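J.: would you be able to build a 3D model of this:
(one chain, ligands or ions: 1)
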Amino acid sequence: MSKKKKDWKTEKERMLRLDQDERRKEYRRQDFVPLEKIPSWRQENRFNEEEEEPELTGEGGGLSDKVSLYKGDITVLEVDAIVNAANSSLLGGGGVDGCIHKAAGSCLYDECHSLSGCETGNAKITCGYDLPARYVIHTVGPVARNQVGTTENNDLKSCYWNSLQLVKEHSLKTVAFPCISTGIYGFPNDPAADIALSTVKRWIKDNPDKITRVIFCVFLETDFVIYKRKMSLLFQDNDVDVAETELKEDDTPPSPKSAAKEESDDGNRDKEESGDEDEGANDAGGNRDVEMASQNPDENSGSEEPTEEKDEGGNESQGKDKDKGLEKNEKDEAKSDGGDKDDGGDKAEAGQPAPSKMADDNAAAASTVEMEDVSEMSDAGASQGDEMRDPVESPERPDVVPTASSQPKDTEEKKE
Ligand SMILES: NC(=O)c1ccc[n+]([C@H]2O[C@H](COP(=O)([O-])OP(=O)(O)OC[C@H]3O[C@@H](n4cnc5c(N)ncnc54)[C@H](O)[C@@H]3O)[C@@H](O)[C@H]2O)c1
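T.: Numbers count the residues shown, from 1 in each chain. Below is the predicted model:
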């Protein structure tokens, strides 16, 4: 007897009402990792240096109490939200996107389908369904393919910033990020880590009481080494402002792009993305229960109110609109350090990708490729220091150093 297909809206309402114990009975995988098993950066280092347990400063501690580095599979993390490195169709694909869809179940695909896609740099939120994470925040990173410029840098910043704005708007407290765009989208690992860490650090500084933990979930040994080195410089101590001369840190929040600029970029991006998606990328969004390529690293590489955008599901998305909060930050930044700020010029248009782009992505996502099941994937955690072979040599890196917006309240229920 085939299983009756669940209605995603009913399932979402039901799931978001469950308490943790009840939810745990429904996780597709029972080898989930609860937050208490993921040490904060400070604990990680105290553990290594046998320091005294420090008093937490301020609301829930300082910077290094609010971040963690975890090495392994993001789909097992029991946090409020995991971030998905999606494509603009939001209809699934491969890599971490494929793993998340596989682990969440078919309702995730159905809810994503109701969101009518997502523009590069934007973020949208859905229920986590069968995942240990209550929510999934889908963001679309830039397709860089090693050519990284201001547009790609800003788009990647926007992914992190806009995802965190959704966390705040939904009163969530714990979130895990993969290394957005560093897989098939080809953003070089090292500059991507600079953007991820500096954007998250700035956001936490601006919203210290809105977050308990941001987990950088790396998958490859390459990224683990990069993040470990950079975090030891950037999150050295809660109280001491680290001299970040060592880091190519650009800690200005993302500046919205001009619509015109964005349009031309989208044009190029369309070509790139569809080229990408067509180059044998195993996008499997069209087939809901498709088996995914193993993501086992041993086997494979692998804020203040923007314009409200509503899709058919009544959901709202996080756009790259010039956000009063961001604007204010940039002005404050400019005032405080007198640095010249690239304010990104005109107001970016939030909104859906151009129809042609959606068509390309849908076509790409509709292609189905048989992939292995990821369920056997190992999920060693950074705190266990498990070694994972890194099958991927980081691509030749350009020497371009990567130098948006408050999320409208979503119509979803707030987290209980
Ligand atoms: N990698 C693939 O084979 C593949 C193929 C088609 C589409 N995609 C996906 O890739 C596009 C986005 O590119 P991207 O570079 O942003 O994403 P990505 O290719 O998934 O890579 C992003 C990062 O996530 C890492 N990763 C992979 N699986 C997991 C996991 N289970 N837990 C934690 N981290 C993991 C991966 O190693 C990389 O560091 C989208 O089209 C999406 O559908 C990936």
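J.: does residue 77 touch residue 29 like I think?
T.: No: in this structure, residue 77 is not within contact of residue 29 by Cβ atoms under 8 Å, at 10.9 Å. For every residue, glycine as well, the C-beta is placed using N, CA and C.
J.: using the three-state scheme, assign residue 85.
T.: strand (DSSP: H, G, I helix; E, B strand; the rest coil).
J.: quick check: it vs residue 37, distance?
T.: Noted for residue 85: a distance of 24 Å to residue 37, by Cβ to Cβ, to the nearest Å.
J.: ok, now residue 216?
T.: Counting by Cβ to Cβ, the gap from residue 216 to residue 37 is 16 Å.
J.: helix, strand, or coil at the residue in the stretch 151-300 of the chain positioned nearest to the ligand?
T.: At 2.1 Å from the ligand, residue 183 is the closest residue in the stretch 151-300 of the chain, using Cβ to the nearest ligand atom. With three-state DSSP as the basis, residue 183 sits in coil.
J.: from memory it sits against residue 96, does it?
T.: Yes: between residue 183 and residue 96 there is a contact under Cβ under 8 Å: 7.2 Å.
J.: which residues do the two both contact?
T.: Shared contacts of residue 183 and residue 96 (Cβ atoms under 8 Å, 6 or more residues apart in numbering): residue 85.
J.: of those two, who's got more company?
T.: residue 96 (26 against 23; other Cβ atoms under 10 Å).
J.: got the phi/psi numbers for the more buried one?
T.: Backbone dihedrals for residue 96, given as degrees, to the nearest 10, come out at phi -60, psi -30.
J.: could you export the helix or strand in which residue 100 is found as PDB, CA atoms only?
T.: Taking DSSP states H and E as the criterion, residue 100 maps to helix 95-104. Extracted in PDB, the C-alpha atoms of helix 95-104 (Å, rounded to 0.1, in the frame of the first residue of the first chain):
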ATOM      1  CA  GLY A  95      25.300  18.700  -3.000                       C
ATOM      2  CA  VAL A  96      24.000  20.000   0.300                       C
ATOM      3  CA  ASP A  97      20.700  21.000  -1.400                       C
ATOM      4  CA  GLY A  98      20.200  17.400  -2.400                       C
ATOM      5  CA  CYS A  99      21.100  16.000   1.000                       C
ATOM      6  CA  ILE A 100      18.700  18.500   2.800                       C
ATOM      7  CA  HIS A 101      15.800  17.600   0.500                       C
ATOM      8  CA  LYS A 102      16.400  13.900   0.900                       C
ATOM      9  CA  ALA A 103      16.600  14.100   4.700                       C
ATOM     10  CA  ALA A 104      13.600  16.500   5.000                       C
END
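J.: contacts for the helix or strand that it is followed by, please.
T.: As assigned by DSSP H and E, the chain's next helix or strand after helix 95-104 is helix 106-113. Under the contact criterion Cβ under 8 Å, 6+ apart, helix 106-113 has outside partners 5-6, 8-9, 11-12, 86, 90-92, 100-101, 126-129, 136, 138, 285, 288-289, 313.
J.: filter these by proximity to the ligand?
T.: Counting by Cβ under 6 Å from any ligand atom, residue 86 from the contacts of helix 106-113 sit close to the ligand.
J.: among the contacts of helix 106-113, which lie within helices?
T.: 8, 9, 11, 12, 100, 101 (DSSP state H).
J.: can you tell me how far the first one is from residue 14?
T.: For residue 8, the distance to residue 14 equals 11 Å [Cβ to Cβ].
J.: picking up where we left off before, farthest pair in the ones in helices among the contacts of helix 106-113?
T.: Across the ones in helices among the contacts of helix 106-113, no pair lies farther apart than 9 and 100, at 19.7 Å, counting by Cβ to Cβ.
J.: okay, now the unreliable bits of the stretch 201-350 of the chain?
T.: The stretch 201-350 of the chain contains residues with pLDDT under 70 at 237-317, 319-350.
J.: list the buried residues of stretch 4-21.
T.: Judged by neighbour count using 16 or more other Cβ atoms under 10 Å, the buried positions of stretch 4-21 are 8, 11, 12, 15, 16.
J.: let me see the contact set for the fourth one.
T.: I take that to be residue 15. Contacts of residue 15 by Cβ under 8 Å, 6+ apart are 23, 26, 127, 128, 129, 134.
J.: element containing it?
T.: helix 8-17.
J.: okay, residue 395: pLDDT?
T.: Here the pLDDT value assigned to residue 395 is 37.
J.: kindly report the same for residue 87.
T.: pLDDT recorded at residue 87 is 98.
J.: I'd guessed it sits against residue 97; true?
T.: Yes: look at residue 87 against residue 97 with Cβ under 8 Å: they come within range, at 6.9 Å.
J.: show me which of the two is the more surrounded one.
T.: In this view residue 87 and residue 97 are compared by other Cβ under 10 Å, and residue 87 has more residues nearby, 33 against 26.
J.: which one (most neighbours) among the contacts of residue 15?
T.: Counting neighbours by other Cβ under 10 Å, residue 128 leads the contacts of residue 15 with 29 neighbours.
J.: let me see the contact set for that one.
T.: Contacts of residue 128 (Cβ under 8 Å, 6+ apart): 15, 81, 82, 104, 108, 134, 135, 136.
J.: related to what we said a few turns ago, and the contacts of residue 15 as CSV, adding distance to residue 153?
T.: Below are the contacts of residue 15 laid out as CSV (distance: Cβ to Cβ, whole Å):
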residue, distance to residue 153
23, 37
26, 40
127, 31
128, 29
129, 33
134, 31
